[in-house]
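Student: the following comprises the amino acid sequence and a computationally predicted model.
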Amino acid sequence: MDRTTRLYALVEELRAAAPRPRPVAALAARFEVSTRTVQRDLQALMDSGVPVRTTLGRGGGWTVDPAMTLPPVHFTADEAAALAAALATTGTPYAGAARTAYQKLLA
């Protein structure tokens, strides 16, 4: 996974877990990188204006500020199936974007 993709996925991971904080070690395991790489990525996100914050101590970790995130989109099963079918039939030049959108939809 390249760094740009990992940064986006990191934000999505934090957003999905919000408001519960995620420890650096758990994020490193999730993305199969070192804890130092996750720390650098989190710093890069903060530097670019993403509202990530840390909570110190037991049960602490990193999270995205819940007040600064969009609510999740809720699809019915039929809506999700229709979107998945449409994404599966998308050809180039959008095949890569359709594949990742399909994975997000499944998640």
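Tutor: Okay, I see it.

Student: with adjacent residues omitted, what lies nearest to residue 12?
Tutor: Distances taken as Cβ to Cβ, 6 or more residues apart in numbering place residue 104 nearest to residue 12, at 7.4 Å, with adjacent residues excluded. C-beta here means a position set from N, CA and C on the backbone, and glycine is covered the same way.

Student: equivalent analysis for residue 23, please.
Tutor: In space, residue 23 is closest to residue 61, 4.1 Å off (Cβ to Cβ, 6+ apart).

Student: quick one on the thing from earlier: list the buried ones in the helix or strand harbouring the residue nearest to residue 12?
Tutor: Applying DSSP states H and E as the criterion places residue 104 in helix 95-106. Of all the residues in helix 95-106, those buried under the rule 16 or more other Cβ atoms under 10 Å are 98, 101-102.

Student: pretty sure the residue nearest to residue 23 sits against residue 26.
Tutor: Yes: assessed by Cβ atoms under 8 Å, residue 61 is found in contact with residue 26 at 7.3 Å.
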